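S.K.: Pasting a predicted model and its sequence here:
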Amino acid sequence: VVIESGELPPLTAAAGRRERVTLPYRQPELLPGCDYRLNLHFALAAATPWADAGHEIAWAQFALPWTLPAPAPTPVAELPALTLAESAGHVLVTGPDFSLRFDGERGRIAAWQAGDHDLLERGPGLNFWRAPTDNDANTWGDQRAAIRWRQAGLDQLVEHVDGVDVRQPRPQEVVISVRTATMADAEDDGLRARRTASLIDGVKMMLVHRVDEEQGRTLAAALGFNYTDLAGNDYRDKAATLVDVLAATERIPALLDLMTAALDGPLGGDLLDEAKAGLRAQFDELRDALQGATGPVAAARFDAETTYHIYGNGEILIDTHILPSGAQPPMLPRIGFSLALPGAHETLTWYGRGPHESYADRKLSTPMGRYSGHVDEQRYPYIMPQESGNKSDVRWAALTDARGVGLLVTGDSDLNVSVARYTAEDLTAAQHTYG
């Protein structure tokens, strides 16, 4: 909500100089729990060859020190009473204008209705995966995040329910505690195959980005292949074909040996000794990883206790404690919850940074504010499908249908929120963006 706005006279400071300006804004009557921010916009006073007059060239936002505590929530004792019923592994909680069914075997909410309106298709579940971004998928940096994530089995995690406790400490509250262990099967052939496939993709990317076409011809000849005969219309395709053939005959280490030796020749080029040493270390790590891909698979594990406090006014407070163990990578792709809502919930409204996507390491281009948009407008269509559309520093977010009915989410601290018609697994498996 804009409380006050105005336009300052043109600045007179010459280029490279400073000018002090007084902004004549006043403190309004404060409302409890509200943020107040000062937004400054800088625009061209006259047209230029590259933009019209009035084109915004910069902006700034400042949080103002005006606060009143948010109103205290209604005491639990004053909320409507709840009815609790348990049968055949399910828990049914009913309030005056809502009902919730909890699946004890899966440890998740199975259905949640407000009146005749379905609020959920699939209840909140712990989520430790995101579709790797281009940076995550790199094979030449120090992180090589996606490779390490897959080595730890984070793309094949399965949640196992160890126990569910249900109690009603007072008429207005039902508490459901769920103990889970989330991990990939350490003996799973699929995990081993996917780990190997991820490493092979890493070799392909390294060959394309670290070796030019002429050097690729030389490597192919040294390995006994006629470059021209390799399938593909360009170097990228031919390099992928070469790697696939070498992988099928378990000769990838031979390619890495040649690339390591070539660092002292044409492949090294003008690289500094430190850079060459870094590449040798990457080749060695990749070689060792491939040789170990057929051995025992070490997987990450997450033990968690998630407690649902269900109140008589229909609010649910979710409290989670997570203990990671096993083969944890240096950093995790995500720690959070994912849930599915009916398709008619197509409007996202939030108070946080926007309107475009923002992340912890690149959010200063997004001012704080109240934004709203269609679900399909939130995902960015990168050529290679990947994680996108996140909103950072979110105080609250709502996903609603055409009638304005839906779910409102808040947190004890600021949230990261994203919505999409695709799961992280869908995006991970996809190879192209269409439409």
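M.R.: Perfect, I can see it now. Everything quoted here is computed from the prediction, not taken from an experiment.

S.K.: so what's Gly336 closest to, chain neighbours aside?
M.R.: Spatial nearest neighbour of Gly336, excluding adjacent residues (C-beta to C-beta, 6 or more residues apart in numbering): Asn127 at 5.2 Å. All C-beta spots, glycine's among them, are computed from the backbone N, C-alpha and C.

S.K.: For that neighbour, list the residues it contacts.
M.R.: Arg334, Ile335, Gly336, Phe337, Ser338, Ala424 (C-beta atoms under 8 Å, 6 or more residues apart in numbering).

S.K.: Test my guess that the third one contacts Asn416.
M.R.: Yes: here Gly336 reaches Asn416: they are 7.2 Å apart, a contact under C-beta atoms under 8 Å.

S.K.: Return every residue with contacts to both of these two.
M.R.: When C-beta under 8 Å, 6+ apart defines a contact, no residue borders Gly336 and Asn416 alike.

S.K.: partners of Val161 in the sheet?
M.R.: Note on Val161: beta-bridge partners by DSSP bridges are Thr180.

S.K.: tell me the contacts of it?
M.R.: Val161 makes contact with Gly104, Glu105, Arg106, Gly107, Val178, Arg179, Thr180 under the criterion C-beta under 8 Å, 6+ apart.

S.K.: Return the member of those nearest to Ser198.
M.R.: Thr180 (25.8 Å; C-beta to C-beta).

S.K.: where's the closest one relative to Val203, distance?
M.R.: 36 Å (C-beta to C-beta, to the nearest Å).

S.K.: In terms of neighbours, single out the busier of those two.
M.R.: Legend: neighbour count by other C-beta atoms under 10 Å for Thr180 and Val203, higher for Val203 (25 against 22).

S.K.: what's the distance between the closest residue to that one other than its chain neighbours and Pro171?
M.R.: Here the nearest residue to Val203 in space, its sequence neighbours aside, is Val243; by C-beta to C-beta, 6+ apart that works out to 5.2 Å. Distance, Val243 to Pro171, using C-beta to C-beta: 65 Å.

S.K.: okay, the two: which has more neighbours?
M.R.: Counting neighbours by other C-beta under 10 Å for Val243 and for Pro171 shows that Val243 has the greater number, 22 against 15.

S.K.: Show me the helices in this protein, by range?
M.R.: Per DSSP state H, the chain carries helices over the ranges 145-151, 189-210, 213-222, 235-248, 252-262, 273-292, 424-429.

S.K.: So, low pLDDT: which residues of the protein?
M.R.: Scanning the chain with the threshold set as pLDDT under 70 gives 139-143, 185-192, 194-195, 266-276, 278-279, 282, 285, 288-298, 435.

S.K.: thinking the residue nearest to Val203 is in contact with Met205, fair?
M.R.: No: contact criterion C-beta under 8 Å: Val243 and Met205 do not qualify, at 9.7 Å.

S.K.: Can you report how many residues neighbour Ala181?
M.R.: By other C-beta under 10 Å, the residues close to Ala181 number 15.

S.K.: try Tyr359
M.R.: Counted by other C-beta under 10 Å, the residues lying close to Tyr359 total 15.

S.K.: which ones are touching the closest residue to it other than its chain neighbours?
M.R.: Excluding the flanking residues, the one nearest Tyr359 by C-beta to C-beta, 6+ apart is Asn390, at 5.5 Å. Contacts for Asn390 (C-beta under 8 Å, 6+ apart) come out as Glu357, Ser358, Tyr359, Asn416, Val417, Ser418.
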